[in-house]
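K.L.:
Build me a model:
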Amino acid sequence: MTLSVDTTPNLFEIYERRRKELTTIARRQHELLLTLAIDETQAEGTKPAALVRDLITRLESERLRVLVIGRFSAGKSTFINALLGSAILPSSPAPTTGVLCEIRWADEAHKKATLFPKPNMGADGGSEPFEIEIHDLQKELAQYVKIDFRDSAATSKYRKLELEWPLPLCEHSVDIIDSVGLDDPDSRDRITMDETAAADAIVYCIPSGMAYSAKDQQVIGFLHSLGYRSIFFVLTYWDLIKASAAMGETTEERFAAEQRHNLAPWTDLGDDGIKFVDSKSALLGRVKSDRGMVASSGIETLETGLQRFLTQERARAKLLTSLHVLRSANRAARTAIPTRISLWQTSAAELERRYKEAEVPLQSLETQRQLMVANVDIAVKDTSREARDLASRHLLELPDRVKEWVEGYEITTDIPLRTTKENIQPAVDEVTRYLKERVEADIAGWVQKELAPMVSARMQQLQDSLEEHARTFVDRVDELRIQIAVGVGNDNFEQRQGSTLVRILTATAYVGLTGNLLIGGMGAMLGPRALMTTVGIQAASNLALLALGMLNPVTFVVTSVGAIVATLFLNHDSLKKGIKEKVAESVATELVKRRHEMATNIEDKIFERLTEVRNAIDAGLRGEIASVRGEVEAVLAAQQRGQADADAEIRKLQSLERANLAVEEEIESLMYEAGMGDRA
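P.N.:
Numbers count the residues shown, from 1 in each chain. Model prediction:
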């Protein structure tokens, strides 16, 4: 089987070439920074050499991740089997896949399947992963990854299946993840928080026969409210629409136009993000090597679009942010080298005199740093408190909305009139899931419409208020650096960078505090305003899940069941009405009881995230002062010990300066290539 994606040249190969080139450049930059011993002179803030070392590690392990999600029986497994060209994953008309499946590339000789148990749920109560036979993999997997969803308490004992397989789409560092169904009561938080957060592309499968259902609209709206915009919608079971068209019930064109109208607003990809796939025909065509059957199935169109999106959008963004992180480290060396050359050209006695004269101004800068950070502390606390107050007001209204939502809901579960716990439990679970989803969507929408904009606006106000102070601060740092290095009144030394927060909130400062190379690179690439806006949105993005994590359905469902069983109902209508009212009452009561706790948790989460910004600013300011002190003290120490020859040190530094300039030119060249086009 081959993946029939006709692109010349292959976009993944271009991306891989660029990634390898960037890794080579990063290694050269790392060696330069180590030779300069620049980390040793940087007592405060991020160490540039350590930053580049981490960047190299990420570049070497970087992978593009495609997450396939959807409701149970949305055709996910059959769709992925069609990609694989073989019936590997179990699939059936009933809900089956109860474990997340992660597919990676391996050649034919090294393909294998590994299961990862949940904690203490493996063989003999262990948690160690183990390989399973791949001779008849579908049959073997069926022993592990199927669950009986008719039992609402049933969950898989395994958290992940790792499948290494010769899937061409995965050949160039792409992983495909087949998630558990979104109907799984214990899976939603794990999917959205862990897998979706790490995904470069989301493929959302919707069965054509139930296209754009209310359930799918809730889930899509929830993902959208959390900030996920680039979604590929795959309408599966396209053969059913073809059959319907053949019977004169509808036309394929009319159905497709209707679905594009419904789904286009939910994805930045527009019509290009909406595909119609007959997975069974695609799978059968690939098994039989029937090129025509594969072509008519629609799967190749999806594969081509997915490949282009991954390489032209996601891969390019990752390369550009990595390049900006590397450029930040390169500029740190570019600043340090001329300063150090001038310091070596100065006698130890003269250098000591200049450094002593600069001590009072350096102390003044330290005081200025403390005042700026104190203002940031106030802004962080005020923003966090405002977030808590907004949350408290919104949560106050939720109980009444819960009662309104349940009034218009129709229970679909069959219920015997005899009210035993066993008889009514499925209906109670259904209503509980419905209300939890409505609460989930409501809070997510509030986060997107009210909380995130408030935090972003506050962060922009903070940036505006700091701008003038930051300009004064970095101007004074540069003046002192020149004064110490070449003496007062010397006009031959000028190396000023942008005298704003662009310099203070460099990638090195922010990445070092957060450990997030991607966001740090975006900060360096787009500037502090964009960085602070992004941080504000991120601070709010997963708070819906944080709040919902505190709502344990079990606690109020047990109460609901007991209250319902103890009530006499005359008919099915009154029984269903009673179930809805009791469950809604329990949910509303739980929301009232947890309102303060949930609002406080939101305040704490915002405070925690914004404190990272505060720490980044503080680190950047400290680093500016430390860079002046560190360079001077390192040269003074070497001169006083008589361990280095000044002329030899200057020649070495001049050689490093030329090498650093050559690296800079390569960074700029690759940045232009990656940023301005996809030329091979």
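
K.L.:
looking at it, residue 40 is touching residue 633, isn't it?
P.N.:
No: applying Cβ atoms under 8 Å, one finds residue 40 not in contact with residue 633, separated by 10.3 Å. C-beta: built from backbone N, CA, C; applies to glycine.

K.L.:
What count of nearby residues applies to residue 251?
P.N.:
Look at residue 251: counted by other Cβ atoms under 10 Å, it has 12 neighbours.

K.L.:
Grab the nearest non-local neighbour of it.
P.N.:
For residue 251, ignoring the flanking residues on the chain, the nearest one in space by Cβ to Cβ, 6 or more residues apart in numbering is residue 245 at 5.3 Å.

K.L.:
And what about residue 235, helix, strand or coil?
P.N.:
For residue 235, the assignment made with DSSP: H, G, I helix; E, B strand; the rest coil gives strand.

K.L.:
now the helices for the stretch 351-500 of the chain?
P.N.:
359-407, 421-446, 452-486 (DSSP state H, counting those that start in this stretch).

K.L.:
if I look at residue 468, how far off is residue 416?
P.N.:
According to Cβ to Cβ, to the nearest Å, residue 468 and residue 416 sit 73 Å apart.

K.L.:
same question, residue 223
P.N.:
Applying Cβ to Cβ, the value for residue 223 to residue 416 is 37 Å.

K.L.:
Compare these two (neighbour count), which wins?
P.N.:
residue 223 (21 against 11).

K.L.:
Report the backbone C-alpha coordinates of the strand or helix carrying the more buried one in PDB.
P.N.:
Secondary structure from DSSP states H and E places residue 223 in helix 214-225. Extracted in PDB, the C-alpha atoms of helix 214-225 (Å, rounded to 0.1, in the frame of the first residue of the first chain):
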ATOM      1  CA  ALA A 214     -26.700  18.600  18.500                       C
ATOM      2  CA  LYS A 215     -24.100  16.500  20.300                       C
ATOM      3  CA  ASP A 216     -21.500  17.300  17.700                       C
ATOM      4  CA  GLN A 217     -22.400  21.000  17.800                       C
ATOM      5  CA  GLN A 218     -21.800  21.000  21.500                       C
ATOM      6  CA  VAL A 219     -18.400  19.300  21.200                       C
ATOM      7  CA  ILE A 220     -17.200  21.400  18.300                       C
ATOM      8  CA  GLY A 221     -18.400  24.600  20.000                       C
ATOM      9  CA  PHE A 222     -16.500  23.500  23.100                       C
ATOM     10  CA  LEU A 223     -13.200  22.900  21.200                       C
ATOM     11  CA  HIS A 224     -13.700  26.200  19.400                       C
ATOM     12  CA  SER A 225     -14.200  28.100  22.600                       C
END
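
K.L.:
for it, packing partners?
P.N.:
Applying 3 or more Cβ pairs under 8 Å, 6 or more residues apart in numbering; DSSP states H and E, one finds that helix 214-225 contacts strand 201-207, helix 421-446.

K.L.:
Who are the packing partners of the last one?
P.N.:
I take that to be helix 421-446. helix 214-225, helix 359-407, helix 543-549, helix 553-565, helix 572-641.

K.L.:
which regions of the stretch 501-650 of the chain sit below the pLDDT cut-off?
P.N.:
Low-confidence segments of the stretch 501-650 of the chain (pLDDT under 70): 501-571, 643-644.

K.L.:
quick one: pLDDT of residue 30?
P.N.:
For residue 30, the pLDDT comes out at 96.

K.L.:
What are the contacting residues of the helix or strand where residue 241 lies?
P.N.:
Using DSSP H and E, residue 241 sits in helix 238-246. With contact meaning Cβ atoms under 8 Å, 6 or more residues apart in numbering, helix 238-246 is reached by 208-209, 235, 250-252, 255, 276-278, 280-281, 297-298.

K.L.:
try it again with 7 Å
P.N.:
Here helix 238-246 makes contact (Cβ atoms under 7 Å, 6 or more residues apart in numbering) with 208, 209, 250, 251, 252, 255, 276, 277, 278, 280, 281, 298.

K.L.:
excluding its backbone neighbours, what's nearest the last one?
P.N.:
Spelled out, that is residue 298. residue 277 (4.5 Å).

K.L.:
mind listing what that neighbour touches?
P.N.:
79, 234, 235, 236, 238, 297, 298, 299, 302.

K.L.:
Mind doing that once more with 6 Å?
P.N.:
234, 236, 238, 298, 299, 302 (Cβ atoms under 6 Å, 6 or more residues apart in numbering).

K.L.:
Same check on residue 233?
P.N.:
Residues in contact with residue 233 (Cβ under 6 Å, 6+ apart) are 204, 263, 274.

K.L.:
Distance check, it against residue 267.
P.N.:
Applying Cβ to Cβ to residue 233 and residue 267 gives a distance of 7 Å.

K.L.:
Run the chain-centre distance for the host helix or strand of residue 280.
P.N.:
Secondary structure assignment for residue 280, by DSSP H and E: helix 279-287. Its chain's average C-alpha position is 33 Å from that of helix 279-287, according to Cα atoms, centre = their mean, to the nearest Å.

K.L.:
worst average pLDDT in the helices of the stretch 351-500 of the chain?
P.N.:
Among the helices of the stretch 351-500 of the chain, helix 421-446 scores lowest, at a mean of 80.

K.L.:
Buried residues, that one. List them.
P.N.:
424-425, 427-444, 446 (16 or more other Cβ atoms under 10 Å).

K.L.:
rewinding a little: possible to save the helices of the stretch 351-500 of the chain as TSV with distance to residue 107?
P.N.:
What follows is those, written out as TSV (distance: least, Cβ to Cβ, whole Å):
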stretch	distance to residue 107
helix 359-407	51
helix 421-446	42
helix 452-486	45
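
K.L.:
Which of those sits closest to residue 214?
P.N.:
Minimum separation from residue 214 across the helices of the stretch 351-500 of the chain (Cβ to Cβ) falls at helix 421-446, 9.7 Å.

K.L.:
hmm, back to that, quick one, which of the helices of the stretch 351-500 of the chain gets closest to residue 611.
P.N.:
That would be, of these and by Cβ to Cβ, helix 359-407, which comes in at 6.1 Å.

K.L.:
Off-centre distance for the closest one?
P.N.:
For helix 359-407, the distance to the chain centre is 23 Å (Cα atoms, centre = their mean).

K.L.:
Same check on stretch 355-362?
P.N.:
The answer for stretch 355-362 is 45 Å, by Cα atoms, centre = their mean.

K.L.:
buried ones in that stretch?
P.N.:
Buried, per 16+ other Cβ under 10 Å, within stretch 355-362: 355, 358, 362.

K.L.:
and the gap between the last one and residue 371?
P.N.:
So that's residue 362. With Cβ to Cβ as the criterion, residue 362 and residue 371 are 15 Å apart.
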